[in-house]
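Novice: Structure for the following, please:
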Amino acid sequence: MSITVAKRMAAAAAAIAMLMSFGAMAADEQAVDEEAAMALARREDCLKCHAVDKKKDGPSYKSIATKYKNKPEAEEKLVKHLTTGPVVKTAAGDEDEHRIPKTKDEKELRNIIRWILSR
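Specialist: Below is the predicted model of the structure:
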């Protein structure tokens, strides 16, 4: 094997290793902290209208996850939903503004959204 080929192979191996490490970092950023998500749901009173797997006044987290499954825009749509307080229809048929969480920590919001989508 010539030196040029060996250098190219070494460079390619280094590039692959670097890309794999970036992928691992991205996966860590996407990891869901279930305990923190549940704590936020309790603190913000989300569980008053939502449950994990049964319908209350609002849809279950499981049905939300099903609705958005394989939709790349799901997280951004739910961020907008939680931060703008759109009008929603309750189980009783009433229309009400969705409550906006008091937390302004985007990491907390994205964590609970990822947790909901993982149901």
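Novice: From now on I want contacts and neighbour counts done on CA atoms only, so please keep to that.
Specialist: Fine.
Novice: per the record, what domains does the protein have?
Specialist: The chain breaks down into these domains under automatic domain parsing: 1-31, 33-117.
Novice: any idea how far the last one is from the chain center?
Specialist: Going back to what we said before, that points to domain 33-117. Relative to the chain's own centre, domain 33-117 is displaced by 10 Å; criterion: CA atoms, centre = their mean, to the nearest Å.
Novice: Compute the mean per-residue pLDDT across it, please.
Specialist: The pLDDT scores in domain 33-117 average 97.
Novice: Redo the domains of the chain as a markdown table? Include mean neighbour count.
Specialist: Listed next are those as a markdown table, based on neighbours: other CA atoms under 10 Å:
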| stretch | mean neighbour count |
| --- | --- |
| domain 1-31 | 11 |
| domain 33-117 | 15 |
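Novice: quick one: residue 32 from residue 81, how far?
Specialist: Distance, residue 32 to residue 81, using CA to CA, to the nearest Å: 19 Å.
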